[in-house]
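*Asks:* Curious how this folds, go ahead:
(4 chains)
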Number of protein chains: 2
Amino acid sequence: MKTNQRIKLSDLATALNLSTSTVSRALNDHPRIPIETRTKVKKLANDWAYHPNPFAKGLFSKETKTIGVMIPCFEDNYFSKILGIIEDELIKKGYKLICTRSGKNAVEEQSALWNLAKAHVDGIIAVLSYDQPCPAFINDINEEGIPILFLDRMYENVDASFVISDDFQGAFEAVSYLIQEGRSKILHLEGPRDLSTSFYRKQGYMEALKKHDLEIQHSIQCENKEDVKIKIKAYNNDYDAVFCYNDFYAFEMLEYAKQQGICIPNEVAVIGYANDPLSSFTSPKLTTVDQSTSDLGEQSVKMLLSEIKAMKSKGSFEYSTFKSSTRLLVRESC
Amino acid sequence: MKTNQRIKLSDLATALNLSTSTVSRALNDHPRIPIETRTKVKKLANDWAYHPNPFAKGLFSKETKTIGVMIPCFEDNYFSKILGIIEDELIKKGYKLICTRSGKNAVEEQSALWNLAKAHVDGIIAVLSYDQPCPAFINDINEEGIPILFLDRMYENVDASFVISDDFQGAFEAVSYLIQEGRSKILHLEGPRDLSTSFYRKQGYMEALKKHDLEIQHSIQCENKEDVKIKIKAYNNDYDAVFCYNDFYAFEMLEYAKQQGICIPNEVAVIGYANDPLSSFTSPKLTTVDQSTSDLGEQSVKMLLSEIKAMKSKGSFEYSTFKSSTRLLVRESC
DNA sequence: CTGTTAGCGCTTTCAT
DNA sequence: ATGAAAGCGCTAACAG
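*Replies:* Next up, the predicted model:
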C-alpha cells in the first residue's frame, strides 16, 4: 500500500475516510478527538512511516526546530567536545543541528553567521574567531527574531547572552599552584590579541602573582603557536615556570625545552590550558586547566532554548551570562 | 523602513508597486523581466536584507538544500577532518549541513539516520558504527527519495554508493615496508569485528606476508584499544614488528613497549593507521598510514550531489564506488 | 466531535 | 511584460 512517494496527511485522511484536520488533530493529541480515533490514526501513520513535512510545519509555525552552531573548526578537541554535548542536548529537545565553521577570515565568518540566519534557524550558538561582533550585525540577526548566544568568548559592548569558561579563575589557580610549588619567575605565554580568553587568562596570571607579592610579570604575547619558540628565546632561560595560553603553546614550549636541554619539570614547570587529548601523551605529561565542556554545552542549549521560548511567547527575552568553573589537572610537567 | 519583521516577497512587491510574481521572477532572473526591473527589485531586496523563506521555497520545490551527515563522533580527528571538507564543499554548492552522530548503539544509530530522513534532507552521507545497514531500512530511506551514500566503511549485500579509503592498499604497503626493512615476525593488531576496514587491513597484512613468503601470521583481534595490552602479552615479546589497526592501538602498543622495556624501533617496529595528530607527538613518533581525508570528503559530496541531481531529473540514479588511495608516513617507530 | 476554509511565503501556470 | 490565482503540506479558526 505504501507507495514510494512521501506519505502526506491527505493520504492518511483519504485512507481513513477522515478530513486532514481530524488526522492532524489526532496526531497532535488534540483533546477533543476520541482516543480510539487517535490510536487508529496513529497506527496507520506508523505503519505507513508517515512523518510530517517539516517545511510545511515550519512555514506555518515559524519554527524550524533547527539550531545553528558556528565554531572555529571541527578538529579542535575542545570545540568538538562541546559540539557533541550540544547535539545531545538538542536531540533530547527535538531540535536538529546545522553546523558551520568560522572560515578563514572575518568576512567568511560573518557570512557563515548570516547563512545560519538565512536558513531560518530558531537560534544560534556562536564562537567567534576573528572579531568583536559588529553590534549592527548582531542587531540584524536579532531583527530576524533569532536569538544568538556567544560561547567561550566574551565581548564588551555587545548586548547578548554569553556562556563562557572562567578564564580568570583557571589562570589564577594554575599560577597560584606554580607559586605554591615554589616557582617564582613565572612567564606567561599570552594568547591572541582581541580574544577575551587571552585577556582573562592574563588577568588571572597577573592577579595570582600580585597576590603573592611576585611583582615581576612577563607576559609574552603570541598570536599563534609558531610565535612561541621565537619569542621565548629572548628570555634566555631565565624563568622557572611557564603558564601557557593553551596546550598547543605548551607543546611548543615542551619541544623548545627539549631542544635546549631544559629539564621539565625540574628546571622549568609548564602548565597548558584546555586539556587537549595530546596533553596526556606528551612526555612529561602536561599539567593543564580543564574546562567543563559539558557545562558549557548544556548551558548554551538550555539558555538558548529558553530565550527562543521567551521570544516566541513574549516577543522578547533577557540576556544572561553563565560562567563555568575550571579545574587544574596536575600531571607531570610541574 | 525596514521593520523588525522578516521581509517577505509581498513587502517588496507592495513597496515597488509590483506583483509578487514579478518580484519573484525578477529575483530569479527570469528572462522575460526587463533588466532594469530586475536590478531595481534586487537593489531593494538587498537594501532590505530580504532572504527568501527556505521553508516556503522547500515546500514548493521539494528541495531543502540540506545534506545530512552522520559520523561516529566529532572528536575523532579523522572524521572531523572529513566533516570539515564536506562542509566546505557543501557551502560552495549552496547546501547546508545537518550533522549528527551515531550515538551509543545500533538502535540510536538507526534512529539518528531516520531523523535525518525526517528532516527531509536532500541526501545523506553516513559512516555507520554498529552494524551492517539493514537493507530494508536503507530501502525505507531510499523510498523517501533520499540518496544515501556510505563513507569509510563498505557493506556487502547493500545496494548503495560508497566512498572508502583503500584499506587493503594501506595495510599492504605498510607491511611490505616492514618486510623491506628486514622485519620478519610481524604481528597484526586487528580491528573491531564486522568492520570492513578491519577486514581489508587484515587482508592487506596477510597478502603482504604471503607475497614475501612469510607464512607466519598472527592477527590478534582487538575489539577496542583496551584489548591491546591484554592480548599482546600472550606473544611473549616474540615478534619484531606490529602493524596496528589504528593509531590508538599503536599508542597502546608504544606504552606497552615502554613498560616492558622493549625498545622501539630497534627491537620492535610499530605502524599505526589514520595519522592522528597524536601520532607525531609520541616518542618515538609514530609511522602511520595517512588516508586522504580531502579526497574522501570531496568525493562524497560530489557523488551525492550528482545522485541528487539524477534523482531529481530522472527519478533514479546509479550507484558507484570510489576508493581513495593512502600513503605511508614513515616516522620514527619503524 | 469533525469537516470546511483560509493562509503560512513562495513559484508557476494561465491569462492578458 | 506583468498580474491573478492555484497549490506545495500543514494547522487552526470557524462553523456545525
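*Asks:* Can you name the residues of chain A sitting close to DNA strand C?
*Replies:* A:17-22, A:25, A:30, A:32-34, A:37, A:56, A:59-60 (C-beta under 7 Å from any atom of the strand). Backbone N, C-alpha and C define where each C-beta goes, glycine included.
*Asks:* Among those, name the ones that also lie close to chain B.
*Replies:* Among those, the ones lying close to chain B by the criterion of C-beta under 8 Å from any C-beta of the partner chain are A:Ala56, A:Leu59.
*Asks:* beta partners for the most centrally placed residue in chain A?
*Replies:* Nearest to the mean C-alpha position of chain A, by C-alpha atoms, centre = their mean, lies A:Leu151 at 4.8 Å. For A:Leu151, the beta-bridge partners under DSSP bridges are A:Val163.
*Asks:* For it, which residues are in contact?
*Replies:* Each residue near A:Leu151 by C-beta atoms under 8 Å, 6 or more residues apart in numbering or on different chains is listed here: A:Ile82, A:Ile125, A:Ala126, A:Val127, A:Phe162, A:Val163, A:Ile164, A:Leu296, A:Ser300.
*Asks:* For A:Arg193, state which of these is nearest.
*Replies:* A:Val127 (16.9 Å; C-beta to C-beta).
*Asks:* and the closest one, what pLDDT?
*Replies:* On pLDDT, A:Val127 comes in at 95.
*Asks:* ok, now how distant is it from A:Ala112?
*Replies:* Look at A:Val127 and A:Ala112: by C-beta to C-beta, to the nearest Å, they are 11 Å apart.
*Asks:* joint contacts of the two?
*Replies:* The contact sets of A:Val127 and A:Ala112 overlap at A:Met70, A:Ser102 (C-beta under 8 Å, 6+ apart).
*Asks:* rewinding a little: are any of the residues of chain A next to DNA strand C buried, and which?
*Replies:* A:Leu18, A:Thr22, A:Arg25, A:Ile33, A:Ala56, A:Leu59 (16 or more other C-beta atoms under 10 Å in any protein chain shown).
*Asks:* Helices - which of those land there?
*Replies:* A:Thr22, A:Arg25, A:Ala56, A:Leu59 (DSSP state H).
*Asks:* Strands of chain A, start to end?
*Replies:* Here chain A has its strands, by DSSP state E, at A:66-71, A:96-101, A:123-126, A:148-151, A:161-165, A:186-190, A:218-221, A:241-244, A:269-273, A:287-291, A:321-324, A:326-329.
*Asks:* highest average neighbour count across the ones you listed?
*Replies:* Neighbour counts (mean count of other C-beta atoms under 10 Å in any protein chain shown) averaged over each of those peak at strand A:241-244, with a mean of 30.
*Asks:* Counting by contacts, list what that one packs against.
*Replies:* Contacts defined by 3 or more C-beta pairs under 8 Å, 6 or more residues apart in numbering or on different chains; DSSP states H and E place strand A:241-244 against helix A:167-180, strand A:186-190, helix A:247-260, strand A:269-273.
*Asks:* Partner strands of that strand, with direction?
*Replies:* Partners of strand A:241-244 in its sheet, by DSSP bridges: strand A:186-190 (parallel), strand A:269-273 (parallel).
*Asks:* among the ones you listed, which is nearest DNA strand D?
*Replies:* Of all the strands paired with strand A:241-244, it is strand A:269-273 that lies closest to DNA strand D, at 47.2 Å by C-beta to the nearest atom of the strand.
*Asks:* and the gap between A:Gly261 and DNA strand C?
*Replies:* Computed as C-beta to the nearest atom of the strand, to the nearest Å, the A:Gly261 to DNA strand C distance reads 66 Å.
*Asks:* Count residues in the vicinity of that residue, would you?
*Replies:* 8 (other C-beta atoms under 10 Å in any protein chain shown).
*Asks:* cool, and A:Lys118?
*Replies:* 17.
*Asks:* Surely it and B:His51 touch.
*Replies:* Yes. Taking contacts as C-beta atoms under 8 Å, A:Lys118 lies within contact range of B:His51: 4.5 Å.
*Asks:* State the pLDDT value of the closest residue to DNA strand C within the stretch 51-200 of chain A.
*Replies:* For the stretch 51-200 of chain A, the residue closest to DNA strand C is A:Phe60, as judged by C-beta to the nearest atom of the strand, at 3.8 Å. Looking at A:Phe60, its pLDDT is 90.
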